[in-house]
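# Pasted the sequence and its predicted model underneath.
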Amino acid sequence: MKKLPLAPIVLFVYNRPGHTRQTVESLQKNELARESDLFIFSDGPGTEADGENVKEVRSYIRTVAGFKKITIVEREKNWGLADSIIDGVTRVVNAYGRVIVLEDDLVTGPFFLRFINEALALYKDETRVWHITGYMFPIDATGLPQTVFYRCPTTLGWATWQRAWKHFRRDPAAVIAEFSPRVIKRFNLDGCCNFWDQVMLNYYGGMRTWAVFWYAAVFKQGGLCLHPVETMVQHIGYDDGTHFKRVKRHDPHPSLSPITYFETDLTEKKIFIKRLKAFYKQNKRPLWKRVGPRIRSIFFQYSLRLRRLFYLRQ
């Protein structure tokens with residue numbers, strides 16, 4: 001049997017020693033871990049209060065074993081999650097041509113690495129496929145194949161190729177200029193989600209993220225993302241994550257079964273999209289929580305305009 005080419009794994013850690021330990025221990029239990037290269041990017045403390053936890057995480061990652069080769073990158077200063085991920089993914093994918101990406105709050109099932117590596121090998125020359133992910137929301141999977149294609153790249157345990165990542169740009173102004181209202185509606189899954197608010201908040205300085213711009217890059221090119229219909233990754237970071245604080249909605253345990261079917265029909269299945277929309281609608285946050293980000297977006301929009309007006313009158 002031809003040996004499966006293995007992609008390097010990139011893990012981003014910060015100040016959560018307990019979460020980091022769970023992430024690493026689950027990864028070590030993957031059958032291909034010992035044959036895989038692991039890169040760990042440790043961000044520097046953003047505040048004095050974070051310093052001790054960052055030290056504890058760094059003490060732990062220096063003891064990690066169970067992989068073919070481990071490379072640790074300790075940032076001297078705080079880059080922030082978005083910039084750290086953009087830099088780390090770009091460096092590794094440019095060197096190896098493919099990459100598997102994890103953050104420090106993801107517990108993987110034992111067949112996660114096999115699924116991702118097999119998919120990276122199978123679709124490496126299929127230019128419509130841009131992204132492989134190990135995560136899936138707890139939708140009704142009855143009657144669905146083991147894997148499906150979907151326009152949005154879920155980034156809880158994912159992988160891509162250099163041929164796709166080279167199109168990534170974190171440029172909110174460019175995205176706003178290129179997307180019409182009709183396109184924005186499709187981008188928002190026909191109104192079931194509001195990814196567009198993230199673009200606007202990034203533009204006006206209300207947040208600094210990267211994933212929505214990766215989605216925009218995939219979306220603009222009509223790219224597709226392979227997902228398992230039963231998750232192979234559990235998100236354990238809802239308790240104190242950067243962008244998920246005090247939110248605990250989607251935390252299914254990872255599947256313990258291998259993936260044996262890889263979709264060959266390069267389209268979104270209508271029944272899958274219908275069930276995904278039903279899930280989003282069922283789990284939509286209360287109105288007062290959804291209004292908050294919109295108000296922040298409007299506030300930043302007008303405060304920026306006022307600052308520009310004040311500056312022009314100086």
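Done, it's in. Please read these numbers as outputs of a predicted model, since none were measured by experiment.
# Nearest residue to the residue nearest the centre of the chain in space, please, no chain neighbours.
To find the centre residue of the chain, average its C-alpha atoms and take the closest one (C-alpha atoms, centre = their mean): that gives Thr155, at 1.8 Å. With C-beta to C-beta, 6 or more residues apart in numbering as the criterion, Thr155 has its nearest non-adjacent residue at 4.7 Å, and that residue is Ala211. All C-beta spots, glycine's among them, are computed from the backbone N, C-alpha and C.
# Equivalent analysis for Phe112, please.
Counting by C-beta to C-beta, 6+ apart, the residue nearest Phe112 is Met232, at 4.6 Å.
# tell me the contacts of that neighbour?
Thr108, Gly109, Phe111, Phe112, Phe115, Gly134, Tyr135, Gly157, Pro254, Ser255, Ile259 (C-beta atoms under 8 Å, 6 or more residues apart in numbering).
# okay if I get the residues you listed as a markdown table plus pLDDT and secondary structure?
A markdown table is the format used below for the contacts of Met232 (pLDDT from 0 to 100; DSSP: H, G, I helix; E, B strand; the rest coil):
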| residue | pLDDT | secondary structure |
| --- | --- | --- |
| Thr108 | 97 | strand |
| Gly109 | 96 | coil |
| Phe111 | 97 | coil |
| Phe112 | 98 | helix |
| Phe115 | 97 | helix |
| Gly134 | 96 | coil |
| Tyr135 | 96 | coil |
| Gly157 | 97 | coil |
| Pro254 | 90 | coil |
| Ser255 | 88 | coil |
| Ile259 | 95 | coil |
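# Nearest to Val92 among the residues you listed?
Using C-beta to C-beta, Gly157 is the member of the contacts of Met232 that lies nearest Val92, at 15.6 Å.
# For stretch 159-172, measure first residue to last.
Terminal residues of stretch 159-172 lie 23 Å apart, using C-alpha to C-alpha, to the nearest Å.
# Run through who's touching it.
Stretch 159-172 has contacts (C-beta under 8 Å, 6+ apart) with 7, 82, 86, 89-90, 93-94, 96-101, 116, 119-120, 124, 127, 130-133, 199-200, 202-203, 210, 213-214, 217-218, 221, 223.
# Return the subset of these lying in helices.
Taking DSSP state H as the definition of helices, these contribute 82, 86, 89-90, 93-94, 96, 116, 119-120, 199-200, 202-203, 213-214, 217-218.
# Using neighbour counts, give me the buried entries of those.
Buried by 16 or more other C-beta atoms under 10 Å: 82, 86, 89, 93, 96, 116, 119-120, 199-200, 202-203, 213-214, 217-218, out of these.
# Pick out the most distant pair among these.
When those are compared pair by pair using C-beta to C-beta, the maximum separation belongs to Tyr96 and Met200, at 34.5 Å.
# which one of the contacts of Met232 sits closest to Asp43?
For Asp43, the closest of the contacts of Met232 turns out to be Gly157, at 18.8 Å, with distances computed as C-beta to C-beta.
# Could you check how far the closest one is from Trp214?
To Trp214, Gly157 is 14 Å away according to C-beta to C-beta, to the nearest Å.
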